[in-house]
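> Here's a sequence, model it:
(2 chains)
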Amino acid sequence: MERFAGLLQQLPRQQGEMLRALHLAQEELGWISRDAIRLIARHLRVSEAQVYGPATFYAEFRHSPPPKTLVTWCSGPSCRVVGGDRVRRIFEAEFGCRLGENTPDDELGLWLGQCNGTCEQAPMVWVNGRVVGPLTMVESVKLARRLKAGDDVIEWPQRPIKIAPATFVDAEATYGSAHGPGHAHGQEGAEESGR
Amino acid sequence: MSSVYEELREAAELAAAPRRSPSRPLIRVDLSTSSIAAEADRLWEALQPLAAEHEADLMRVGTLGLSWLEPVVEVERPDGAGGGAVVYGPVRPEDAAEFLAAALGDHPAEDAARWLIGARTPTPGIPSLTDHPFWGPQERRLMRVMGLIDPESIDEAIAEGAYAALDRAVAMEPMAICDLVLSAGVGGRGGGGFPAGQKWKFLLGAPGPTKYLVCNADEGDPGAFVNRVLMESDPHLVIEGMAIAGKATGADYGFIYIRDEYPLSIERMQLALDQARERGLLGADIFGSGFDFDLEITRGAGSYVCGEETGLIASVEGIRGMPKIRPPFPAQQGVFSEPSNVNNTETYANVPLIVQHGDAWYRQFGTESDPGTKMFSISGALERPGILEVPFGMGMDELLLGCGGGPPDGHTPKGIQPGGPLGGLLPASDLGLKLERPPFTERGVLLGSGGLILFDERASAVDLTKYFSEFCEDESCGRCTTCHGGSQRLVEVLERIMHGDGRLEDLDRIGAIDKTLQNANCLHGQFTPYAVRGLVNYFREELDTHIDEKRDPARVAPGLTRYLITDPSDPRLEGAAALCPTACIARAPVEADDDTEEGEDGGEQAAALGDWQIDQPRCIHCDVCREVAPEAIRVEDRFLTTLSVV
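I've put the predicted structure just below:
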């Protein structure tokens, strides 16, 4: 907290530094504590409520200490269309906590993450910031149990990613000429436009 | 060309020469968020000592866009077998030694065949990357140097021509730049499509000495990652575009608002800003022209609605990112109440190309309504998810089925989700639509910022709609009741439908909520009903099945399905029971227990005694048991009366 207070002093006393100050608090303390809010308010010369507002508006700011092992579940649609919601239910059941919560001993936590576009790994989770995917449901259970057992370094063997069969030159035959006419076809067109 | 720029360029070309025309093998490793997710950082570490052994150089590059093949490695050989630049992937860290020996050996085409993707420059015996279905139809303009240069080295960017357009622009009249951008016809790439040149003219005409530029890199749409790739692979293109916009609008300061979910983008943009400042490309008196411009990064904190320009401005100011009613428009009152201009990252990135090559060149590709090229990020049920750049007007089927390869494992496309949670849903029969704004708008959806998600018959359109509506509810800023209350009611209705309590009047209710939401204060609320409107318009049959028959054809809604054991003697059930997260699979007690759910199923009950059975109330429908014992477990419709009907 002292270190944070010291670093905070280096920020200009401007309203525009609010997010930077809150990020600083989260980096230094792991979460936004009531004390941190008071310090930021004093430094930026605004009311505590004016700090509390943004601190609770933005989803990235946490108001409880982080768990030792954090599983961030990707909520994105690309994950969802391949079973992402099941992954959530599995982790919730295995950890015994709901999404957004920690286990009572703060050893494990399951938080919601937003899609950052590593959708080729779907369905996936981040374990302490590291992408783990693509997960089958069986793997999800096994991963959750290993984390519960205290494995904090996870060397998760990635499945060799399947390489699409039509890799070369027959692309035109398979999918139709890239620049030719007649692309206004529907899904069946893929087969029809072969030549 | 100003003498300052000329000097800068010569120095940069000298510094970058060993990598631009290598005298010994050069290994380019894709280090971007997508590749690091596939352990490219570990590969990078593994390659360090190996490269030295092979007397080859190793360099960090951005992405080529072949996300499904990450980690991607390019090996460029000045001479010898395969004397060209060949792209390989996925190279697992543990295979690094074997891979390098093969790729640098005498017969890379055979020895490294399992990693081979294609040759970027002509290489004897190796098929060209341009024959690859993912690569061939692309027109890489914004992505021209992506995957080739080190995004953390300004020298390489300058040697490839970065900041040449800025050099030209500082000598131009602001109005001339605005006119040029306007006649090129570059529209807002965030999805709005409003002509950037026009927007700039508003700011140019605004009074006052202080004006701000804002770059919207709060790419909140799940499934869209165009801006991320731009910032991670070629950050100087964005900086140059903003500096030119500064010259054109009279703004001398800008904010790049990057979402917190993109730490690598923040890191690389910050580094690029520092390097640009060091070379005098930002700061006072750029190129000795008297033009001052500087930039700073604002790190977001996880709020989707900050992607709306007035919400973004509020967030830059350090308050809650709640959108405001326009007017006043940002050009009148923006950041800290000063005139401002907000554009998407990709919009700014297009500007240097227009200034450098002219509006006619820019219009070579694309359509009348949307000239130029567009980067798309494609994902979902695809063989080849990734990021690519194609001309506007290309068929969506060509992009998703051709480049993306369609759904894997013989699944059939069911629909497309363009433009993020606010973009709506399209059925697979619309795959033939041209990728430009008008046909999408006509179909009641948005092309948006470039994310396209294909889903196949395994996904439920109702479930997706519920997800998007929940997302909108969650991300509503709360200022107007229309939006936060409307999205809450919408989610309630959809949840009820997915639990088998759908009512006939729900369709009317959805229609009423849709109508109400159109009166929301900002675009977030106004676009919230797009998803459900797509559901009603294009997936009506599926919705009706949910409501009328209490059945989910895709069998994903936990409220409408149940897992049943069809073969209690399957030995794999033992393993399934061990993995069940809620331990709801257990052997039935030998005495009949009429209280269990199974007991109500009549016929099968007697046979199931003493055998495995599922305790229905505890089942979370996670599908683990079916993965373990696919023949012994079946997902049934919950409200089917007889088990024999499938």
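> For chain A, which residue gets nearest to chain B?
A:G117 (2.5 Å; CB to the nearest CB). Every C-beta, even on glycine, is put in place using the N, C-alpha and C of the backbone.
> Number of residues surrounding that residue?
29 (other CB atoms under 10 Å in any protein chain shown).
> That one looks like it's in a strand, true?
No: per DSSP: H, G, I helix; E, B strand; the rest coil, A:G117 lies outside any strand segment and is coil.
> show me the contacts for it.
Contact partners of A:G117, counting by CB atoms under 8 Å, 6 or more residues apart in numbering or on different chains, are B:T33, B:S34, B:G223, B:A224, B:F225, B:R228, B:V229, B:S377, B:S379.
> let's see 7 Å
A:G117 sits next to B:T33, B:S34, B:F225, B:R228, B:S377 when contact means CB atoms under 7 Å, 6 or more residues apart in numbering or on different chains.
> Tell me if I'm right that the last one and B:N227 touch.
No: with contacts counted by CB atoms under 7 Å, B:S377 stays clear of B:N227, the gap being 9.6 Å.
> which ones are touching residue 124?
Just going to use chain A. So A:M124 contacts A:C74, A:C79, A:T118, A:V131, A:V132, A:G133, A:P134, A:L135 (CB under 7 Å, 6+ apart).
> Out of those residues, give me the one that has the most neighbours.
A:C79 (30 neighbours).
> so what's the most centrally placed residue in chain A closest to, chain neighbours aside?
Centroid-nearest residue in chain A: A:G113, 3.1 Å away (criterion: CA atoms, centre = their mean). Closest residue in space to A:G113, ignoring its immediate chain neighbours: A:T72 at 3.8 Å, by CB to CB, 6 or more residues apart in numbering or on different chains.
> where's that neighbour relative to B:E152, distance?
For A:T72, the distance to B:E152 (CB to CB, to the nearest Å) stands at 26 Å.
> same thing with B:V87?
Relative to B:E152, and taking CB to CB, B:V87 is found at 21 Å.
> One more: B:D95?
26 Å.
> cool, and A:A41?
As judged by CB to CB, A:A41 and B:E152 stand 37 Å apart.
> mind listing the strands in chain A by residue range?
Assignment of strands within chain A using DSSP state E yields the ranges A:69-74, A:101-102, A:108-113, A:125-127, A:130-132.
> who in the stretch 501-646 of chain B is up against chain A?
The stretch 501-646 of chain B comes close to chain A at residues B:L579, B:P581, B:T582, B:I620, B:C622, B:D623, B:V624, B:E627, B:V628, as judged by CB under 7 Å from any CB of the partner chain.
> Let's see that with 8 Å instead.
B:V556, B:L579, B:P581, B:T582, B:I620, B:H621, B:C622, B:D623, B:V624, B:E627, B:V628 (CB under 8 Å from any CB of the partner chain).
> Leaving aside the residues adjacent along the chain, what's closest to the last one?
The one in question is B:V628. B:V628 sits nearest to B:A576 (CB to CB, 6+ apart), 4.1 Å away.
> Phi and psi next, for B:G197.
With angles defined as degrees, to the nearest 10, B:G197 sits at phi -60, psi -40.
> B:G415 now?
The phi and psi torsions at B:G415 (degrees, to the nearest 10) take the values phi -170, psi 170.
> and B:N537, what is it in contact with?
B:G444.
> SS state for B:A16?
Relying on three-state DSSP, one would call B:A16 helix.
> Give me the number of neighbouring residues for the residue lying closest to B:K211 once chain neighbours are set aside.
In space, B:K211 comes closest to B:A251 once its chain neighbours are excluded; the distance is 4.0 Å by CB to CB, 6+ apart. For B:A251, the neighbour count with other CB under 10 Å is 26.
> Which strand or helix spans B:A251?
Using DSSP states H and E, B:A251 is not contained in any helix or strand.
> So it is in contact with B:A245, correct?
Yes: at 7.3 Å, B:A251 and B:A245 qualify as touching, with contact defined as CB atoms under 8 Å.
> Mind listing the shared neighbours of these two?
B:L213, B:N341.
> Make sure B:T561 is actually in contact with B:H621.
Yes: judged on CB under 8 Å, B:T561 makes contact with B:H621 at a distance of 6.5 Å.
> shared neighbours, these two?
B:V635.
> where does the nearest residue to B:I239 once chain neighbours are set aside land in three-state SS?
Leaving aside its sequence neighbours, B:I239 sits nearest to B:A276 (CB to CB, 6+ apart; 5.5 Å). Under three-state DSSP, the three-state class of B:A276 is helix.
> and B:A276, how many residues sit next to it?
B:A276: 26 neighbours (other CB under 10 Å).
> repeat for B:I614
Neighbours around B:I614, by other CB under 10 Å: 23.
> Can you show me the helices along chain A?
With DSSP state H as the definition, chain A shows helices at residue ranges A:2-9, A:18-29, A:34-44, A:48-57, A:77-80, A:84-95, A:137-148, A:171-175, A:189-192.
> quick one: stretch B:253-267 to chain centroid distance?
16 Å (CA atoms, centre = their mean, to the nearest Å).
> and that stretch, average pLDDT?
The pLDDT scores in stretch B:253-267 average 96.
> Could I get the buried residue list for that stretch?
B:253-262, B:264-267 (16 or more other CB atoms under 10 Å in any protein chain shown).
> if we look at chain A, which of those are close to it?
Answer for these near chain A (CB under 8 Å from any CB): B:D260, B:E261, B:Y262.
> Now, these that are in helices?
Short answer: those have none in helices (DSSP H).
> would you turn the residues you listed into a markdown table with distance to B:E240?
As requested, those are arranged in a markdown table below (distance: CB to CB, whole Å):
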| residue | distance to B:E240 |
| --- | --- |
| B:D260 | 25 |
| B:E261 | 25 |
| B:Y262 | 20 |
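> which residues are contacting stretch B:410-419?
By CB under 8 Å, 6+ apart, stretch B:410-419 touches A:77, A:187, B:191, B:221, B:223, B:380-381, B:396, B:400-401, B:406-407, B:423-428, B:430-431, B:440, B:445-449, B:451-459, B:461, B:464, B:468, B:538-539.
> hmm, try it at 7 Å
With contact meaning CB under 7 Å, 6+ apart, stretch B:410-419 is reached by A:77, A:187, B:191, B:221, B:381, B:396, B:406-407, B:423, B:425-428, B:430-431, B:440, B:445-449, B:451-459, B:461, B:464.
> Let me see the mean pLDDT of it.
Per-residue scores along stretch B:410-419 average to 94.
> Which positions within that stretch qualify as buried?
B:P413, B:K414, B:G415, B:I416, B:Q417, B:P418, B:G419.
> Show the pLDDT at the residue in chain B that chain A sits nearest to.
Minimum separation of chain B from chain A (CB to the nearest CB) falls at B:F225, amounting to 2.5 Å. pLDDT, B:F225: 94.
> Over to B:E39?
90.
> In space, what's closest to it - neighbours in sequence excluded?
Among residues not flanking B:E39 along the chain, B:P93 sits closest, at 5.6 Å (CB to CB, 6+ apart).
> for B:P529, same thing?
B:D514 (4.0 Å).
> repeat for B:L50
Leaving aside its chain neighbours, B:L50 sits nearest to B:L100 (5.1 Å; criterion: CB to CB, 6+ apart).
> Lowest average confidence across helices and strands of chain B, where is it?
helix B:604-608 (a mean of 48; mean pLDDT, DSSP states H and E).
> what about chain A, any weak spots by pLDDT?
Along chain A, the model assigns pLDDT under 70 to residues A:152-195.
> what about 80?
A:151-195 (pLDDT under 80).
> what's the domain layout of it?
Domain assignment of chain A by automatic domain parsing yields the ranges A:2-57, A:69-148, A:163-195.
> How far does the second one stretch from one end to the other?
It refers to domain A:69-148. 9 Å (CA to CA, to the nearest Å).
> Give me the distance from it to the chain's centre.
9 Å.
> Also the first one?
Between the centre of domain A:2-57 and the centre of its host chain there is 24 Å, according to CA atoms, centre = their mean.
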